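Q: The sequence isn't on hand, but the structure is:
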């Protein structure tokens, strides 16, 4: 009856055993399995699911007083098939806690006194989990804003940024934006 | 007996007795110890202490001369992969409240954030401010609260437009004595036209790593 190590269950012979090749095979197999588990744990950290998309080339309109989804036009990275091209959506394919960050949202010369808000929605519920609202003044400098949140996501849950603008001079355009989701804690 | 470089794994040499079973056992146990430790450390990087709270509308509202202290109960916990001792010393879900101490389960570097929706009950005073003070304090051995990190933030109402404002607070703090660290958050405003309330709070805490990752240069 072989012995076995306490943590990883590596089998080894005892004095009364007649040692043949199978003992070495079991030994090697158990060490091999332990190394694979270690590699998987390392990969879960160094290759965590992550996606990042930006608004770079298009300049979609943002109407006054309407919560608006702005489709991202460039995928920078996506290690887990999360980003849906042509949308602003990141969908979890691996469950866990994600750091969801949206930044660099920039309006093109809004006129008059107004506000500019970017919110993070989960599964399209009406009330965002969080938002960053910027107070603007009559200025030619394009304002920008963003925020970062930890959000638990199951497989199929999705997150996305949503923009809101109030001003006195009609629609403006959005000239830049970034949105990312990175798994930071596993369930 | 020979030992490998680095990990010092044992193996017999020609002069050793032919106790193969004993050598294999010792080698297996040494590999077990080395690999199990590395496996635990690798897994801990993706399972760091993390907690998220989401508290909905708070019925408490107050005027410009008052303030609201942060107090998120256990029932608002969305996720936590650790527990903290309650007042009876029993394991309980962590609370994210100014009076909750301790909040941090172990020493380390933490990222803490609070996202608040601050909503006026009635009319809005144009250009009035809303402030969330967001700080981490350390209770020193001499019994004094020492400020260790400050993520306070300020926002303004805009031209009398309703709907409230969001304030996002975040900070990173080196928690070197976990049982004696606590978070403090307070909401104040000068919206004279009506009271305000802390409509929603989305708070989170995550340990980024151990103290050994902090390097003073």
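A: All right, it came through fine. Just so it is clear, the structure is predicted and the values come from calculations on it, not from any experiment.
Q: just checking, residue B:16 touches residue B:26?
A: No - counting by C-beta atoms under 8 Å, residue B:16 stays clear of residue B:26, with 11.4 Å between them. Placement of C-beta: from N, CA and C, glycine included.
Q: More neighbours: those two, which one.
A: A direct count of neighbours by other C-beta atoms under 10 Å in any protein chain shown for residue B:16 and residue B:26 places residue B:26 higher, at 17 against 14.
Q: Confidence-wise, which helix or strand of chain A is lowest on average?
A: When each helix and strand of chain A is scored by mean pLDDT, DSSP states H and E, strand A:130-136 comes last, with a mean of 76.
Q: Tell me which strands that strand pairs with, and in which orientation.
A: Paired neighbours of strand A:130-136 in the sheet (DSSP bridges): strand A:114-122 (antiparallel).
Q: and for the strand it pairs with, what are the contacting residues?
A: Applying C-beta atoms under 8 Å, 6 or more residues apart in numbering or on different chains, the contact partners of strand A:114-122 are A:64, A:67, A:100, A:102, A:105, A:107, A:110, A:128-136, A:143, A:145-147, A:149, A:151, A:153, A:157-168, A:177, B:158, B:161, B:166.
Q: now stretch B:135-153
A: Here stretch B:135-153 makes contact (C-beta under 8 Å, 6+ apart) with B:101, B:112-114, B:131-134, B:167-175, B:177, B:180-185.
Q: Quick one: end-to-end distance for that stretch.
A: Using C-alpha to C-alpha, to the nearest Å, one end of stretch B:135-153 lies 10 Å from the other.
Q: now that stretch, how far from the centre of its chain.
A: 15 Å (C-alpha atoms, centre = their mean, to the nearest Å).
Q: Could I get the average pLDDT for that stretch?
A: In this model, stretch B:135-153 carries a mean pLDDT of 92.
Q: can you pull the buried residues of it?
A: The neighbour-count check on stretch B:135-153 (16 or more other C-beta atoms under 10 Å in any protein chain shown) flags B:135, B:136, B:137, B:138, B:139, B:148, B:149, B:151, B:153 as buried.
Q: how near is the fifth one to residue B:182?
A: Look at residue B:139 and residue B:182: by C-beta to C-beta, to the nearest Å, they are 7 Å apart.
Q: now do the third one
A: For residue B:137, the distance to residue B:182 under the criterion C-beta to C-beta works out to 6 Å.
Q: and residue B:32, that one's in a strand?
A: No - read with DSSP: H, G, I helix; E, B strand; the rest coil, residue B:32 is helix and lies in no strand.
Q: Tell me the pLDDT of it.
A: pLDDT, residue B:32: 94.
Q: ok, now which ones touch it?
A: Residue B:32 neighbours (C-beta under 8 Å, 6+ apart): A:5, A:6, A:7, A:8, A:10, A:34.
Q: Show me those residues that map onto strands.
A: If you go by DSSP state E, the contacts of residue B:32 have nothing in strands.
Q: I'd assumed residue A:26 was in a helix, is it?
A: Yes - assigned with three-state DSSP, residue A:26 falls within a helix.
Q: With adjacent residues omitted, what lies nearest to it?
A: Spatial nearest neighbour of residue A:26, chain neighbours left out: residue A:11 (4.6 Å); criterion: C-beta to C-beta, 6 or more residues apart in numbering or on different chains.
Q: What of residue B:68?
A: Take residue B:68 and drop its neighbours on the chain: the residue closest to it by C-beta to C-beta, 6+ apart is residue B:187, 4.5 Å away.
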